[in-house]
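Colleague: Any chance you can model this:
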Amino acid sequence: MGTAALLRAAGVGVGDEVVVPAFGNVEVAEAVARIGASPVFADIDPVTYCLDAAAVEAAVTPRTAAVVAVHRFGRPADVAGLHGVGRRHGLLVLEHRENGASYDETARRRERAAYLDTKLRGVRTPDGGRGHTYQQYVVRVPGNGRPDRDAFARAVRARGVDCRVPVKTPVHRLPEFRRCVSLPETERAAAETLALPVDASLTRREMQRVVSACNALGGPIVVGSTAGFGV
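Modeller: Residues are numbered from 1 along each chain as shown. So this is what the prediction gives:
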């Protein structure tokens, strides 16, 4: 059963508010809107990229009926903390899970993530944390936010390594859900994060190429410069 159906079955509907993250997963906000309720965006924890329980509590109003927690990049949300908020305010707490992987696939991803953890320089590697399955291996590129991150990504791709920006535009900045709300950790994550390949099928040589491509750049790339391109 999808998020909209679960909310509707619980009696959530027109006039209600549902707290959701703005860092990706626009389909969650769309599900809330589909049943006539209003999505309310709360900030994320900068380590897990999932809803921050304190931010959720601060977003609660008399109209709040539910919270939808999204597990991000294979890292579980703080479900215990969010359920605590739910109990204190009488709210329904739902979990939106990513597609799972087999035990063997998860083990191989963790092995590749551990390799990157020990080898990468110049980027902030993800905090493994309890239960991380590394659906994506998301690093932070230091520097001046989006310009440096985007330049770094272009330079890595130029060296033959696939990488992608996991969340290009937070949901609260999309035209259909535009809100005037302060979400500093969401904005920072959207500007600094980059997903590097950690697929279970990658060979050791391919993983070494990822490390070489990133480490050769020596940190963030200045926009408009030739640094990191070997010229």
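
Colleague: For residue 57, give me its contacts.
Modeller: Each residue near residue 57 by CB atoms under 8 Å, 6 or more residues apart in numbering is listed here: 85, 88-89. Placement of C-beta: from N, CA and C, glycine included.

Colleague: again, only using 6 Å
Modeller: Counting by CB atoms under 6 Å, 6 or more residues apart in numbering, residue 57 makes contact with residue 85.

Colleague: Give me the pLDDT for it.
Modeller: The per-residue pLDDT reported for residue 57 equals 98.

Colleague: Helix or strand: which one has it?
Modeller: When secondary structure is defined using DSSP states H and E, the element that contains residue 57 is helix 53-59.

Colleague: How is the chain partitioned into domains?
Modeller: Each domain of the chain is listed here as a residue range: 3-96, 103-215, per automatic domain parsing.

Colleague: any idea which helix or strand comes after the helix holding residue 57?
Modeller: Next along the chain after helix 53-59, taking DSSP H and E as the criterion, comes strand 64-70.

Colleague: Buried residues of the longest helix along the chain, list them for me.
Modeller: When the chain is scanned for its longest helix (criterion: DSSP state H), the result is helix 103-119. Residues of helix 103-119 classed as buried: 106, 108-110, 112-113, 115-116 (neighbour count, 16 or more other CB atoms under 10 Å).

Colleague: Redo those residues as JSON lines? Include distance to residue 80 and pLDDT.
Modeller: Converted to JSON lines, the buried residues of helix 103-119 look like this (distance: CB to CB, whole Å; pLDDT from 0 to 100):
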{"residue": "106", "distance to residue 80": "22", "pLDDT": "93"}
{"residue": "108", "distance to residue 80": "29", "pLDDT": "94"}
{"residue": "109", "distance to residue 80": "25", "pLDDT": "94"}
{"residue": "110", "distance to residue 80": "23", "pLDDT": "95"}
{"residue": "112", "distance to residue 80": "29", "pLDDT": "96"}
{"residue": "113", "distance to residue 80": "24", "pLDDT": "96"}
{"residue": "115", "distance to residue 80": "31", "pLDDT": "96"}
{"residue": "116", "distance to residue 80": "29", "pLDDT": "96"}
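
Colleague: any idea which of those is the one closest to residue 62?
Modeller: When the buried residues of helix 103-119 are compared for distance to residue 62, the smallest value, 41.8 Å, is given by residue 106; criterion: CB to CB.

Colleague: My read is that that closest one contacts residue 133, right?
Modeller: Yes. Distance between residue 106 and residue 133: 4.8 Å, which falls inside the contact criterion (CB atoms under 6 Å).

Colleague: Residues touching the longest helix of the chain, excluding its own?
Modeller: With CB under 6 Å, 6+ apart as the contact definition, helix 103-119 has outside contacts at 125, 133-134, 137, 198, 200, 207, 211.

Colleague: With stretch 64-74 instead?
Modeller: Under the criterion CB under 6 Å, 6+ apart, residues 12, 16-21, 25, 28, 49-51, 56, 77, 82, 91-98, 132-136, 138 lie in contact with stretch 64-74.

Colleague: Please list the members of the residues you listed that lie in helices.
Modeller: Members of the contacts of stretch 64-74 lying in helices (criterion: DSSP H): 28, 56, 82.

Colleague: ranking the residues you listed by neighbours, who comes first?
Modeller: Among those, the one with the most neighbours (other CB atoms under 10 Å) is residue 56, at 27 neighbours.
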